[in-house]
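1. have a look at this prediction, sequence included:
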Amino acid sequence: MPGPKVSVDSECPVSAYNEWDPLEEVIVGIVDGARFPPWHVEVGAPLSPQQRAVFRERAGQPFPAGEIAAARDELDQLVAILEGEGVTVRRPEPRDHSRSYGAPGWTSTGLYDAMPRDLLLVVGDDVIEAPMAWRSRHHAASAYRPLLKEYFRRGARWSSPPKPELSDELYVDGWTDQPEGEPFRSVITEFEPTFDAADFIRCGRDIFAQRSHVTNAMGIEWVRRHLGDAYQVHELELADDHPMHIDASVMPLAPGKLLIHPDRVPEVPKIFKDWEVRTAPRPVIPDGHPLYMTSKWINMNVLMIDEDRMLVEAQDEPMRRFAEDWGMTAIPCPFRSFNSFGGSFHCATVDVRRRGSLCSYF
């Protein structure tokens with residue numbers, strides 16, 4: 001006897017092809033219960049020596065309660081701003097990140113549910129779960145599963161690469177930072193496909209990716225084959241000593257407008273030859289402000305509500321002026337406390353629906 005049918009809406013709730021079409025629905029993360037992950041080689045690879053020391057010392061412990069509360073308040077302000085701009089906002093379900101889980105050969109506890117951009121890649125009507133390389137993020141999508149099930153029932157596609165084993169074979173035994181001037185050497189091998197969704201940015205039919213300490217060549221190739229001939233997946237080589245996520249190095253803001261890191265992009269990729277390219281203003285985050293998992297260049301991690309409206313950190317006056325000089329409206333939102341956890345507006349969100357269609361911009 002056939003089982004019950006899954007109903008499908010006539011209009012799919014998921015549709016996003018780029019970083020700038022008018023935003024209609026978005027998922028915003030939560031920082032509740034955030035914890036430092038157990039120490040393992042892949043955790044330290046993208047971090048500075050000072051950050052590694054903190055992660056070693058606090059491995060498995062909660063992030064400071066006061067910092068969690070401040071970041072939570074900023075996320076709530078972000079939600080209010082987005083809703084005030086006419087955007088529907090969805091949130092994940094809180095989870096207990098102190099619970100242990102594992103697979104043959106390893107165990108771990110969790111990290112947080114603050115950065116949906118890291119783990120969900122939306123291309124058209126397809127929501128792709130990233131096979132993440134950090135053991136502490138092996139079940140990162142769990143908090144978002146109720147939303148994914150809802151979107152699937154309403155007509156969206158829902159894809160996932162093979163679940164990674166995250167066995168010791170994935171990690172480079174005895175990995176250390178490469179000497180200055182040598183080519184990038186990732187902490188992960190090509191044992192199995194892994195990637196973070198935040199190592200991809202979308203420009204319609206062209207999608208740009210980088211290899212990093214969480215994304216390997218197999219992961220990029222999996223995305224390329226999965227998307228098929230309708231898209232071209234380009235791998236960019238950036239001058240980043242500790243690469244992890246492309247959206248603090250290269251950010252397309254609108255058709256023909258590209259924001260780049262002044263040092264990590266020493267040569268603009270030829271495909272952008274007809275675009276106007278500008279370097280990001282120097283960040284103004286104070287030296288004493290805690291940044292556990294990122295550099296001050298997280299100021300580049302902006303979110304476009306549409307081609308004309310950009311969310312910027314409220315205290316980042318240079319970025320506000322930068323947006324306005326480029327003909328955009330800067331919408332300020334306090335987010336410096338959230339920056340401490342390793343992301344900004346782009347990281348803290350994932351587009352569910354942008355009003356637009358699949359186009360080529362090159």
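-> Good, I have the coordinates.

2. from here on, just use CA atoms for contacts and neighbour counts.
-> Will do.

3. and the strands in the stretch 51-200 of the chain?
-> 88-90, 101-103, 106-108, 120-123, 126-129, 157-159, 200-203 (DSSP state E, counting those that start in this stretch).

4. so which strand or helix has P290?
-> Using DSSP states H and E, P290 is not contained in any helix or strand.

5. neighbours around it, how many?
-> By other C-alpha atoms under 10 Å, 18 other residues sit near P290.

6. from what I see, it and R336 are in contact.
-> No: in this structure P290 lies outside contact range of R336 using C-alpha atoms under 8 Å: 9.5 Å.

7. what's the longest helix in this protein?
-> helix 65-84 (DSSP state H).

8. how far is that helix from where the chain is centred?
-> Computed by C-alpha atoms, centre = their mean, to the nearest Å, the chain-centroid distance of helix 65-84 equals 18 Å.

9. and that helix, what does it pack onto?
-> On a contact count with 3 or more C-alpha pairs under 8 Å, 6 or more residues apart in numbering; DSSP states H and E, helix 65-84 meets strand 88-90, strand 329-333, helix 336-339.

10. go with 6 Å
-> On a contact count with 3 or more C-alpha pairs under 6 Å, 6 or more residues apart in numbering; DSSP states H and E, helix 65-84 meets helix 336-339.

11. ok now whichever helix or strand comes after the helix it packs on, how far from the chain's centre?
-> For helix 336-339, the succeeding helix or strand toward the C-terminus, using DSSP H and E, is strand 349-354. Per C-alpha atoms, centre = their mean, the displacement of strand 349-354 from the mean C-alpha position of its chain is 12 Å.

12. distance of the closest residue to M244 other than its chain neighbours relative to S357?
-> Spatially, and ignoring its direct neighbours in sequence, M244 is nearest to S212 (5.3 Å; C-alpha to C-alpha, 6 or more residues apart in numbering). S212 sits 30 Å away from S357, going by C-alpha to C-alpha, to the nearest Å.

13. in terms of packing, which of those two has more residues around it?
-> Legend: neighbour count by other C-alpha under 10 Å for S212 and S357, higher for S212 (27 against 13).

14. can you pull out the helices in the chain?
-> 41-44, 49-57, 65-84, 116-119, 145-153, 217-227, 317-325, 336-339.

15. and the contacts of the fourth one?
-> For helix 116-119, contacts defined as C-alpha atoms under 6 Å, 6 or more residues apart in numbering pick out 29, 129-130, 196-198, 347, 349-350.

16. any idea how far G84 is from V28?
-> Separation of G84 from V28 (C-alpha to C-alpha) stands at 15 Å.

17. of the two, who's got more company?
-> Shown here are G84 and V28; by other C-alpha under 10 Å, V28 has more neighbours (26 against 10).
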